[in-house]
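Q: need a structure here:
(chains A and B)
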2 protein chains.
Amino acid sequence: MSSEIRIAIDAMGGDNGADIVVPGALRALEKHPNLHVVLVGDEHILKLYLSRYKNNAGSRLTLQHASEVVSMDESPTQALRYKKDSSMRVAINLVKQQKVQACVSAGNTGALMATAHFVLKTLPGINRAAIICALPANNELRRVRVLDVGANVDASPETLCQFAMMGSTLAAAVDGKPNPKIALLNIGVEQIKGNEQVKETDRLLSNIKDLNYIGYVEGDDIFKGTADVIVCDGFVGNVTLKTIEGLAKFIGGLIKKEFYRNFLTKLSALCATLVLRSLKKSLNPHLYNGASFVGLQGIVIKSHGKTTVAGFAQAIECAISEVENNVPELIKNEVARLLAKNQTS
Amino acid sequence: MSSEIRIAIDAMGGDNGADIVVPGALRALEKHPNLHVVLVGDEHILKLYLSRYKNNAGSRLTLQHASEVVSMDESPTQALRYKKDSSMRVAINLVKQQKVQACVSAGNTGALMATAHFVLKTLPGINRAAIICALPANNELRRVRVLDVGANVDASPETLCQFAMMGSTLAAAVDGKPNPKIALLNIGVEQIKGNEQVKETDRLLSNIKDLNYIGYVEGDDIFKGTADVIVCDGFVGNVTLKTIEGLAKFIGGLIKKEFYRNFLTKLSALCATLVLRSLKKSLNPHLYNGASFVGLQGIVIKSHGKTTVAGFAQAIECAISEVENNVPELIKNEVARLLAKNQTS
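A: All right, here's what the predicted structure looks like:
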């Protein structure tokens, strides 16, 4: 698409702030000639950073001053109440004011969610926004979407059903999967398995017409591509996501250690350079960077706090894709349609 | 230790039943001259199986007939009520009757837990038994213990505290870690993070004297060796464990695929044979097979249903280790001591 896409970027957020965000934004600008980026943060600092890099974006890159920064360990309430001129808040305000179509931040997740919730509000029919992420599946690097991965430590069966509807809409629109398979994360696939929350959600989901609900899946199904969208509450989802991150790192470390054990194994690493490089690329978490806050009246993309330049550019890709597909509007319409269909029939 | 160890084995349990269990038991008998195994199951079938293998165990291997089998998808209530002569039930009965010191089963987890709970009962001071498993950590294949990984879909803060005490006792006795570090699985390490269940448990654990509680850990901490024992409810623990299993398999498949992509990569796999073999060994889930049901008046070890012969033999090793350390007695005494100390002071 060639119409202009305007994205605000919290340039001070994340563990490495502007060090990563500024070159990440420049990379995205280079790739997308129709992209306009508003870098939000301390203007003096940002100008200093921009002077370091080659920048062909011209008027497609503008700065928006914000005097404060939300730190990574700040409480969401604290940030919401006292940091009204933070780079995060100002970036979200730009979405609210429709000066941009999306914002991207690598900052404090809790504060970002609380601020986005407060400023943008949820869509009609949606109780709570959720964080949805993409994971590899099926050995073919197909994507599976998991939500919620951390916004809501508790979620009622009704809320989980809304998550299912939103995940379904996103997978259909952004991942190009018509009629995506929706599953509920549980500790077994049999009807008798699970806690009350999961059983009641299963009952509700089974009765939603026009939703391709396939039932329960277990943790090991995530990577099998059994489902296109997996629904869980934010506690289970967050533990699962971080466990995946931890295990991938652990195995990566193990591979490195085995190949660097002695002269002979180092030699075999040299032989296997191509394979190891390709493997590293396949397992690169930055390929999957960019989690989306769904259910809000606006697009907010959360980048991993510790991401790389390429990873941050990938998070901007997610934002572009959601803007191009007009995801909040799609979700609003699809949820309204499903609710109407299931109420009247 | 050279004193006789007597273990009952549910020979019909698991996805592959006697095919795996019988050779697994024979392997353990060969390794441990002081081990006596009672194979429980259909006597005719077991005799047939035994005739296939070289068997030097002599009188150290006996059979105990059981006419029924609990299937892998049978409901726990069903199994408990109607399968009173199942190989699983009879094996657990032998523990109750003190004819053996432990039992091992690869059968239906829910049925095994329900039956073990019903027949053996919990230890004094323990509300519910939990399933505790061992995972690799720290790149040095140190172990970390996680509980509960599936016995209780819900657990009160008090029950989670009992899990912490039991995990601590097991890690100290079996893993040889004096004063093991105990942590609570959460979605962040800050005090404000988590749901009510976790926050209340944190408050209770912080006040238990003589327990080395270090606070919250996140999913990615599991493999860092941050803690020796990680406590969570059975829903979160089971999803986590199965996610780990799924991801390890996924990455294994990816490695295989990359090395088998073409002639050149196959050649590099040949060069890297030693490394790949060592890697496969390190990541072998059967190395960690054998989850323990803690909190019961007897030792019950659950093997993975889809394990190998080596994996089943490893589950028997767990049973031997718990018998040698007299784990239920240790847990009973340690929980009583901690409860007394924390009540009176």
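
Q: Output stretch A:80-94 as CSV, nothing but the C-alphas.
A: The C-alpha coordinates for stretch A:80-94 follow below in CSV (Å, rounded to 0.1, in the frame of the first residue of the first chain):
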residue,chain,number,x,y,z
LEU,A,80,0.0,6.8,34.9
ARG,A,81,-0.4,9.4,37.7
TYR,A,82,2.9,11.3,37.7
LYS,A,83,4.5,10.9,34.3
LYS,A,84,2.1,12.8,32.1
ASP,A,85,4.9,14.1,29.9
SER,A,86,6.7,10.8,29.5
SER,A,87,7.8,9.6,26.0
MET,A,88,5.4,6.7,26.4
ARG,A,89,2.4,8.8,27.4
VAL,A,90,3.0,11.4,24.7
ALA,A,91,3.3,8.7,22.0
ILE,A,92,0.0,7.1,23.1
ASN,A,93,-1.6,10.6,23.2
LEU,A,94,-0.6,11.0,19.5
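
Q: Could you confirm whether that stretch reaches chain B?
A: No. Stretch A:80-94 is not in contact with chain B by CB under 8 Å from any CB of the partner chain; minimum separation 13.1 Å. C-betas here are computed from N, CA, C, even on glycine.

Q: residues in contact with that stretch?
A: With CB atoms under 8 Å, 6 or more residues apart in numbering or on different chains as the test, stretch A:80-94 has contacts from A:8-13, A:38, A:40-42, A:64, A:66-70, A:74, A:79, A:100, A:103-105, A:107-108, A:111-112, A:114-116, A:118-120, A:298, A:300.

Q: So which bits of it are buried?
A: Applying a neighbour-count criterion of 16 or more other CB atoms under 10 Å in any protein chain shown, one finds A:Leu80, A:Lys83, A:Ser86, A:Ser87, A:Met88, A:Arg89, A:Val90, A:Ala91, A:Ile92, A:Asn93, A:Leu94 buried in stretch A:80-94.

Q: from the middle of its chain, how far away would that stretch be?
A: On the basis of CA atoms, centre = their mean, to the nearest Å, stretch A:80-94 sits 20 Å off its chain's mean C-alpha point.

Q: cool, and stretch A:270-283?
A: 26 Å.

Q: So which bits of stretch A:192-211 are buried?
A: A:193-195, A:197-202, A:204-205, A:208, A:211.

Q: Please apply the same query to stretch A:90-108.
A: Neighbour-count burial for stretch A:90-108, with 16+ other CB under 10 Å as criterion, is recorded at A:90-95, A:100-108.

Q: Low-confidence regions, the stretch 201-345 of chain A specifically.
A: A:344-345 (pLDDT under 70).

Q: could you show me where the helices are in it, in order?
A: For the stretch 201-345 of chain A, the helices defined by DSSP state H, counting those that start in this stretch cover A:234-259, A:263-271, A:273-283, A:309-325, A:327-344.

Q: how about those helices in JSON lines, adding distance to chain B and mean neighbour count?
A: Formatted as JSON lines, the helices of the stretch 201-345 of chain A follow (distance: least, CB to the nearest CB, whole Å; neighbours: other CB atoms under 10 Å in any protein chain shown):
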{"stretch": "helix A:234-259", "distance to chain B": "3", "mean neighbour count": "22"}
{"stretch": "helix A:263-271", "distance to chain B": "4", "mean neighbour count": "15"}
{"stretch": "helix A:273-283", "distance to chain B": "5", "mean neighbour count": "16"}
{"stretch": "helix A:309-325", "distance to chain B": "16", "mean neighbour count": "22"}
{"stretch": "helix A:327-344", "distance to chain B": "24", "mean neighbour count": "16"}
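
Q: who wins for proximity to A:Gly176 among those?
A: helix A:309-325 (9.9 Å; CB to CB).

Q: Just name the closest of the buried residues of stretch A:192-211 to chain B, please.
A: A:Asn195 (4.1 Å; CB to the nearest CB).

Q: wait, which of the helices of the stretch 201-345 of chain A is closest to B:Pro23?
A: Across the helices of the stretch 201-345 of chain A, closest to B:Pro23 is helix A:234-259 (CB to CB), at 29.1 Å.

Q: What helices and strands are in contact with the closest one?
A: Here helix A:234-259 touches strand A:130-137, strand A:142-147, strand A:182-185, helix A:263-271, helix A:273-283, helix B:234-259, helix B:273-283, going by 3 or more CB pairs under 8 Å, 6 or more residues apart in numbering or on different chains; DSSP states H and E.

Q: Identify the residue spatially nearest to A:Val69, adjacent ones excluded.
A: Using CB to CB, 6 or more residues apart in numbering or on different chains and skipping residues adjacent in sequence, the residue nearest A:Val69 is A:Met12, 4.4 Å away.

Q: My error: substitute A:Leu50 in the last question.
A: Counting by CB to CB, 6+ apart, A:Val22 is the residue found nearest to A:Leu50 once chain neighbours are left out, at 6.5 Å.

Q: how about that neighbour, what does it touch?
A: Contacts were defined as CB under 8 Å, 6+ apart; by that measure A:Val22 touches A:Ala11, A:Leu39, A:Leu46, A:Tyr49, A:Leu50, A:Tyr53.

Q: ok, and it, which helix or strand is that part of?
A: A:Val22 belongs to helix A:18-31 when assigned by DSSP states H and E.

Q: For that helix, which residues meet the burial criterion?
A: Applying 16+ other CB under 10 Å to helix A:18-31 flags A:Ala18, A:Ile20, A:Val21, A:Val22, A:Pro23, A:Gly24, A:Ala25, A:Leu26, A:Arg27, A:Ala28, A:Leu29 as buried.

Q: so what pLDDT did the third one get?
A: Looking at A:Val21, its pLDDT stands at 96.

Q: now do A:Asn139
A: Taking A:Asn139 on its own, its pLDDT is 60.

Q: before we move on, back to that, just flag the most distant two among the contacts of A:Val22.
A: A:Ala11 and A:Tyr53 (12.9 Å).

Q: Which secondary structure elements does the one helix or strand A:Met166 maps to sit against?
A: If you go by DSSP H and E, A:Met166 is part of helix A:157-173. The contact analysis (3+ CB pairs under 8 Å, 6+ apart) places helix A:157-173 against strand A:130-137, strand A:142-147, strand A:182-185, helix A:196-206, strand A:229-231, strand A:291-294, helix A:327-344.

Q: quick one: which of those is nearest B:Phe293?
A: Between the helices and strands packed on helix A:157-173, helix A:196-206 lies closest to B:Phe293; by CB to CB that is 23.0 Å.

Q: And the helices in the stretch 1-150 of chain A, which stretches?
A: A:18-31, A:43-52, A:76-82, A:87-96, A:109-120.

Q: center of chain A, which residue is that?
A: A:Ala291 (0.4 Å; CA atoms, centre = their mean).

Q: give the contact list for it.
A: Shown in contact with A:Ala291 (CB under 8 Å, 6+ apart): A:Ile131, A:Ile132, A:Cys133, A:Val149, A:Ile301, A:Lys302.

Q: separation between the residue nearest to the fourth one when sequence neighbours are not counted and A:Ile182?
A: The spatially closest residue to A:Val149, leaving aside those adjacent along the chain, is A:Gly237, at 4.0 Å (CB to CB, 6+ apart). Computed as CB to CB, to the nearest Å, the A:Gly237 to A:Ile182 distance reads 15 Å.
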